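>>> build me a model from this:
(one chain, ligands or ions: 1)
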Amino acid sequence: MNQAQMEKTFGGPVVVGTPRRSAKSGWLWRTVEPHLWCSYCSRTFPNGVYRLGDSVRSCPYADCDADVAQDSSEWQWIRRMHPHYPPAPWLGIRYPADIAMPGRTV
Ligand SMILES: [Zn+2]
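Sure thing, here's the model as predicted:
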C-alpha cells in the first residue's frame with residue numbers, strides 16, 4: 001500500500017515511520033508486530049504509521065485522537081483473545097475487544 005492509498009484509507013495525512021518493537025514480550029521477542037490495534041476506535045493500522053498530533057503520535061485514523069504509544073496494542077495480542085480474527089486485519093474495520101483490558105475500564 002502506498003502513501004496515497006493509506007491517506008485515503010485513514011482519511012487524512014499520515015506519517016510512515018519506524019515500526020515499534022514489541023514492548024510486552026521482552027528482549028527475547030525480536031520480530032516486529034506488523035499491525036497495531038487502537039483501543040479507542042478498535043481499528044488496526046500498520047505498525048509504524050501514525051498521524052502527527054499536537055505533540056504525540058496519534059492513531060492514523062483522522063477521526064480518532066488516541067495516542068499510539070499509550071493506546072494501541074499489538075494485533076497478535078488481540079488475536080489471542082479472539083482467535084477467529086484474521087492474521088492480517090483489514091484496515092478501517094472495527095474489531096471490538098469486548099473484554100476488559102488490563103488496567104483499563106471499558
Ligand atoms: Zn484510533
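
>>> can you show me the strands along the chain?
Assigned by DSSP state E, the strands in the chain fall at 15-16, 35-38, 44-46, 49-52, 57-58, 72-74.

>>> shaky segments in this protein?
22-30, 99-106 (pLDDT under 70).

>>> ok, which stretches of it are helices?
Taking DSSP state H as the criterion, the chain carries its helices at 3-10, 68-71, 75-81.

>>> to the ion, which of those helices lies closest?
Using Cβ to the ion as the criterion, the shortest distance between the ion and the helices of the chain is 7.2 Å, found for helix 68-71. C-beta coordinates here come from the backbone N, C-alpha and C atoms, glycine included.

>>> export the helices of the chain to CSV and tack on distance to the ion?
Written out in CSV, the entries for these read as follows (distance: least, Cβ to the ion, whole Å):
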stretch, distance to the ion
helix 3-10, 10
helix 68-71, 7
helix 75-81, 13
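
>>> reformat the ones you listed as JSON lines; add mean neighbour count.
What follows is these, written out as JSON lines (neighbours: other Cβ atoms under 10 Å):
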{"stretch": "helix 3-10", "mean neighbour count": "14"}
{"stretch": "helix 68-71", "mean neighbour count": "16"}
{"stretch": "helix 75-81", "mean neighbour count": "16"}
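
>>> what parts of the protein come near the ion?
Proximity of the chain to the ion is assessed by Cβ under 5 Å from the ion, with 38, 40, 41, 59, 61, 64, 66 identified as the residues in range.

>>> ok, now with 6 Å
Proximity of the chain to the ion is confined to 38, 40, 41, 43, 59, 61, 64, 66 under the rule Cβ under 6 Å from the ion.

>>> adding neighbour count, write those out as a markdown table.
Rendered in a markdown table, the data for the residues of the chain next to the ion read as follows (neighbours: other Cβ under 10 Å):
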| residue | neighbour count |
| --- | --- |
| 38 | 22 |
| 40 | 15 |
| 41 | 17 |
| 43 | 22 |
| 59 | 26 |
| 61 | 22 |
| 64 | 18 |
| 66 | 21 |
